[in-house]
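Engineer: Structural data only, the sequence is not supplied:
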Ligand code: BES
Ligand code: MN
Ligand code: MN
């Protein structure tokens, strides 16, 4: 432990400088304008893996953005950990709400502000530095493989193929990921599950052209009004989702499991205050923790149509659109849910409009076993580093590729995230606390030590 702390202490400034350099790349996978930046980020990550001591480092091309691979095999008899992370980030907009530019990382009150600071550059880079630490202090106790992708934020379209084609290269005993949150630094936690996702886009088409709202309004269906009515009908008065079949097979937790889940410290008043809301909202009969952890949900991510420019224009728009996503829990199949959504949305459309529905990406939910050697290794590492046992929690977010690792490689994942829900992931002013960054670098080598020992 002291060796770890000393190494971090001596290299603190450089560890931060390197993360800042990584954060300066605008690696926005969703926007083709940033293609070169995304590619340059992959090169940077590869270079850093090499410097840290990885062998076989390769920027593996795909049909989309490359996957950076590197490994250190010290003994083929020893267990192997596969570290997964992503170097791509979400678009920073609305850019005007950032206090400092998203790609000029800024240190304020012990927090690093930048797009990707927490999701996931700050978090995967902890693994690169923890690996360097173990190499430099001669304490790497097992084999390690890195797979850092550049398309997580857009659905990991090409990762599946890469994994399928690289079974041998990716062979490992466990996948280790830091891309989730903890409750707080005072209450460390370990996520035991991720929700799945089904992402849809809908279009409601009314008349064949935009119309004068005085001449035609009241006589022709307004697609924006119809779209709002249709969307509103997707939840009933108890905020249950009304799509027929949506809840079929949803895994039901036992009373004991629900009780345990709700024992996690959660301050509802602080939650509301942080978000600036007077009250929370959600499915009747479930707590906030349950609503975001074990229950499926449906959200409108964006909605548009008609005139949105300055001033006023009296118009009955020809069409209106929305992007709608559903978070899924064990028992729900994202392809089936996408089909159910499409069928239902088309069915509830009045004759006065035409509706089209397309499915974007999706992914399966995931639940981690808590009795595995790897989970115990993570649990004990956190306990040692934080001086407190981690609380098991269910995360609300999705990392769709995790279920695929199990399918393709037959291995489980441990979600050892060090972010906070309040880190503004996907929002303006994303941040990562310097404390969390170094705490992560300190905890990771303990995971390896425990994992190697418990695997014996
Ligand atoms: N790191 C997040 C997922 C996450 C965040 C899990 C916080 C748990 C807690 C990841 O980068 C992400 O944003 N995933 C997307 C899905 C993806 C297909 C775009 C998500 O959850 O919306
Ligand atoms: Mn992420
Ligand atoms: Mn993300």
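Structural biologist: Done, it's in. It should be emphasised that the depicted structure is a prediction, and the values quoted were computed from it without experimental measurement. Ligands and ions are numbered 1, 2, ... in the order given.
Engineer: pretty sure residue 227 belongs to a strand, no?
Structural biologist: No - checked against DSSP: H, G, I helix; E, B strand; the rest coil, residue 227 lies outside a strand; its state is helix.
Engineer: count of residues packed around it?
Structural biologist: The burial count assigned to residue 227 is 26, neighbours taken as other CB atoms under 10 Å. The C-beta positions use only the backbone N, C-alpha and C, and glycine is treated the same way.
Engineer: where's it relative to residue 299, distance?
Structural biologist: Using CB to CB, to the nearest Å, one gets 15 Å for the distance from residue 227 to residue 299.
Engineer: Residue 233 against residue 242, yeah?
Structural biologist: Yes - checked against CB atoms under 8 Å, the pair residue 233 and residue 242 is within contact range at 6.3 Å.
Engineer: Please work out the average pLDDT along the helix or strand where residue 145 lies.
Structural biologist: Residue 145 is part of strand 143-149, with elements assigned from DSSP states H and E. pLDDT averaged over strand 143-149 equals 98, rounded to a whole number.
Engineer: ok, now stretch 402-412?
Structural biologist: Per-region confidence: stretch 402-412 scores 95 on mean pLDDT.
Engineer: what about the strands in the stretch 251-400 of the chain?
Structural biologist: Along the stretch 251-400 of the chain, the stretches classed as strands by DSSP state E, counting those that start in this stretch are 297-305, 315-316, 319-328, 354-363, 366-367, 391-394.
Engineer: Which one of those strands lies nearest to residue 273?
Structural biologist: The minimum distance between residue 273 and the strands of the stretch 251-400 of the chain falls on strand 391-394, with 20.8 Å, by CB to CB.
Engineer: What about the residue in the chain that ligand 1 sits nearest to, how many residues nearby?
Structural biologist: Checking the chain residue by residue against ligand 1 with CB to the nearest ligand atom singles out residue 397 as nearest, at 2.5 Å. For residue 397, the number of neighbouring residues by other CB under 10 Å comes to 19.
Engineer: Show the contacting residues for it.
Structural biologist: Going by CB atoms under 8 Å, 6 or more residues apart in numbering, residue 397 touches 180, 181, 194, 195, 425.
Engineer: and the gap between it and residue 182?
Structural biologist: 13 Å.
Engineer: for the chain, what are the low-confidence residue spans?
Structural biologist: Residues of the chain meeting the criterion pLDDT under 70: none.
Engineer: Up against ligand 1, what does it have?
Structural biologist: Counting by CB under 6 Å from any ligand atom, the residues of the chain lying close to ligand 1 are 119-120, 152-153, 155, 179-181, 194, 197, 361, 363, 395, 397-400, 425.
Engineer: change it to 5 Å
Structural biologist: By CB under 5 Å from any ligand atom, the part of the chain that sits against ligand 1 consists of 119, 155, 179, 180, 181, 395, 397, 398.
Engineer: Of these, which pair is most distant in space?
Structural biologist: Going by CB to CB, the pair spanning these furthest: 155 and 181, at 20.8 Å.
Engineer: returning to that earlier point: TSV for the residues of the chain next to ligand 1, including distance to ligand 2?
Structural biologist: Formatted as TSV, the entries for the residues of the chain next to ligand 1 read as follows, by distance: CB to the ion, whole Å:
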residue	distance to ligand 2
119	4
155	12
179	4
180	8
181	10
395	11
397	8
398	9
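Engineer: Between those, which sits nearest residue 313?
Structural biologist: residue 155 (35.6 Å).
Engineer: How much space separates the closest residue to the closest one other than its chain neighbours from residue 403?
Structural biologist: Across the structure, with CB to CB, 6 or more residues apart in numbering as the measure, the residue nearest residue 155 apart from its sequence neighbours is residue 361 (3.1 Å). Residue 361 sits 13 Å away from residue 403, taking CB to CB as the criterion.
Engineer: between the two, who's got more neighbours?
Structural biologist: residue 403 (20 against 17).
Engineer: show me the contacts for the more buried one.
Structural biologist: Taking CB under 8 Å, 6+ apart as the definition of contact, the neighbours of residue 403 are 196, 363, 364, 365, 366.
Engineer: Now with 7 Å, please.
Structural biologist: 363, 364, 366 (CB atoms under 7 Å, 6 or more residues apart in numbering).
Engineer: Residue 212 too?
Structural biologist: Residue 212 makes contact with residue 314 under the criterion CB under 7 Å, 6+ apart.
Engineer: Who does it form a beta bridge with?
Structural biologist: Going by DSSP bridges, residue 212 is paired in beta bridges with residue 315.
Engineer: gap between it and residue 41?
Structural biologist: When distances are taken as CB to CB, residue 212 and residue 41 turn out to be 49 Å apart.
Engineer: so which helix or strand takes in residue 84?
Structural biologist: For residue 84, the secondary-structure element it belongs to, assigned by DSSP H and E, is strand 80-86.
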